[in-house]
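**Student:** below are the sequence and a predicted model; questions follow.
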Amino acid sequence: MAKRGGFPGGMMPGNMNNLMKQAQRMQRQMEEQQKELEEKEFTAQSGGGAVKVTVSGKKAVTAVSIDPDACDPDDVETLEDLVLTAVNEALRQADEANAQIMGKLAGGLGGFGGLSI
């Protein structure tokens with residue numbers, strides 16, 4: 001004979017409350033970490049420092065510095081490549097920092113919030 005009422009999988013109400021509290025705590029931590037990340041800056045360079053680019057954690061370019069010696073009017077393509085390389089590296093650094101933060105938070109889940117399924 002089937003049980004009436006109760007919770008699917010035998011989950012008790014207390015476990016559900018703990019799971020909800022843990023999810024809310026993780027959401028707050030994620031928001032805090034995201035805010036911290038957005039306030040950080042990531043700087044990359046190329047051409048031995050001839051081009052430097054800084055991006056914010058929001059992935060907006062905030063600064064570009066070009067050494068005047070890197071400006072050869074007969075070779076604009078090289079300068080363009082240096083800028084492109086520095087921008088992409090700075091964005092990669094921002095992505096990596098974000099992935100590390102999210103990995104730490106996801107690691108706190110312990111599978112499915114500590115539930116054994």
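**Tutor:** Received, thanks.

**Student:** how far off centre is the biggest helix by length in the chain?
**Tutor:** Secondary structure of the chain read by DSSP state H shows that its longest helix is helix 76-107. For helix 76-107, the distance from its own C-alpha centre to the chain's C-alpha centre is 10 Å (Cα atoms, centre = their mean, to the nearest Å).

**Student:** what is that helix packed up against?
**Tutor:** helix 13-39, strand 41-46, strand 51-56, strand 61-66 (3 or more Cβ pairs under 8 Å, 6 or more residues apart in numbering; DSSP states H and E). The C-beta positions use only the backbone N, C-alpha and C, and glycine is treated the same way.

**Student:** any idea how far G57 is from the spatially most central residue of the chain?
**Tutor:** The residue at the geometric middle of the chain, judged as the C-alpha nearest the mean C-alpha position with Cα atoms, centre = their mean, is N98 (1.4 Å). Using Cβ to Cβ, to the nearest Å, we find N98 at a distance of 7 Å from G57.

**Student:** joint contacts of those two?
**Tutor:** Both N98 and G57 are contacted by L37, under the criterion Cβ atoms under 8 Å, 6 or more residues apart in numbering.

**Student:** give the burial count for the closest residue in space to I101 that isn't next to it in sequence, as a bare number.
**Tutor:** Among residues not flanking I101 along the chain, Q33 sits closest, at 4.5 Å (Cβ to Cβ, 6 or more residues apart in numbering). The tally of other residues near Q33 (other Cβ atoms under 10 Å) stands at 17.

**Student:** got it, and N18?
**Tutor:** Quick note: N18 (other Cβ under 10 Å) scores 14 neighbours.

**Student:** what of D69?
**Tutor:** The burial count assigned to D69 is 8, neighbours taken as other Cβ under 10 Å.
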